[in-house]
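**Student:** I need the structure of the sequence given here:
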Amino acid sequence: SIKAVRALVSLPLYVIIRPRGGDFLYTQAEIQVMMEDILAAAGLGAQGAVFGVLTADGRVDEELLMKLVSLSQTLSLDVTFHRAFDLAISPSEALEALVRCGVPRVLTSGQRDSALSGLPLLSALNAQAGGRIALMAGGGISEDNIASIIQCSGIQEVHGSARVRACSKMQFNRQLSLSSTGTTSEDTWVTDSAK
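**Tutor:** Next comes the predicted model:
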């Protein structure tokens, strides 16, 4: 799918590097998968890699992060630390760890369910960052709240899915949940370019 997207769009393409769902404490085998996925993303024309790694006690895994950042930079990939940041025990300490590791950007909701509810922390983190690392607000960003999130936090980068539900064209559809999130077989989400 990276190759297909790269062929369709000229925008910078950032690929999430996440070997599985769940937490962000990885085994050696999963770390190897992450390294191979970074290599594959670069080979398929991605401009950036997005990943996040934590220790068992909720701190940024600086040793592993430095390896992932180094590999990404060797391949000329930009790096974003994803919302694993929102699960870190201390957001202030986590931000400093990312700066030490040379991460140029962090995606965060301000450790809340949405960036709008995380505005106080987003503003504080943006002030703490002082231009050493870019913050990208994410989580519940929509055309209805994007302006206030930017204005209130001072953050200039945002992440949103801009998605809408697309009606299924299936004539037969068994109402059956196919995942633990309750998604049914008829649910389809697509990005709306108008958003």
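**Student:** CA only for contacts and neighbour counts going forward, please
**Tutor:** Noted.
**Student:** Which parts of the protein are helices?
**Tutor:** 2-8, 28-43, 62-74, 91-100, 119-129, 146-153 (DSSP state H).
**Student:** From Ala115, how far out is the most centrally placed residue in the chain?
**Tutor:** Nearest to the mean C-alpha position of the chain, by Cα atoms, centre = their mean, lies His82 at 3.7 Å. Using Cα to Cα, to the nearest Å, one obtains 14 Å as the distance from His82 to Ala115.
**Student:** Same question for Glu93.
**Tutor:** For Glu93, the distance to Ala115 - Cα to Cα - is 20 Å.
**Student:** quick one, which of those two is more surrounded?
**Tutor:** Ala115 (26 against 13; other Cα atoms under 10 Å).
**Student:** For that one, which residues are in contact?
**Tutor:** By Cα atoms under 8 Å, 6 or more residues apart in numbering, Ala115 lies in contact with 108-109, 122, 137-141, 149.
**Student:** Repeat that for Leu54.
**Tutor:** Shown in contact with Leu54 (Cα under 8 Å, 6+ apart): 24-25, 60-61, 84, 88.
**Student:** thought the residue nearest to the centre of the chain was touching Val106?
**Tutor:** Yes. Using Cα atoms under 8 Å, His82 is in contact with Val106, at 6.0 Å.
**Student:** Tell me which residues are up against the helix or strand of the chain with the lowest mean pLDDT.
**Tutor:** Counting by mean pLDDT, DSSP states H and E, the weakest-scoring helix or strand in the chain turns out to be strand 189-191, with a mean of 78. For strand 189-191, the external contacting residues (Cα under 8 Å, 6+ apart) are 161-166.
**Student:** shouldn't Asn126 be in contact with Cys152?
**Tutor:** No. Applying Cα under 8 Å as the test, Asn126 and Cys152 come out as separate, 10.8 Å apart.
**Student:** So the two - more neighbours on which side?
**Tutor:** Under the criterion of other Cα under 10 Å, the comparison of Asn126 against Cys152 puts Asn126 first, with 20 against 13.
**Student:** Report the separation between the more buried one and Leu98.
**Tutor:** For Asn126, the distance to Leu98 - Cα to Cα - is 13 Å.
**Student:** cool, and Gly110?
**Tutor:** Gly110 is 15 Å from Leu98, where distance means Cα to Cα.
**Student:** Those two: who's more crowded?
**Tutor:** More crowded of Gly110 and Leu98, by other Cα under 10 Å: Gly110, with 27 against 23.
**Student:** For that one, give me the backbone phi and psi.
**Tutor:** Note on Gly110: backbone dihedrals following degrees, to the nearest 10 are phi 80, psi 30.
**Student:** any weak-confidence spans in the chain?
**Tutor:** 174, 176-187 (pLDDT under 70).
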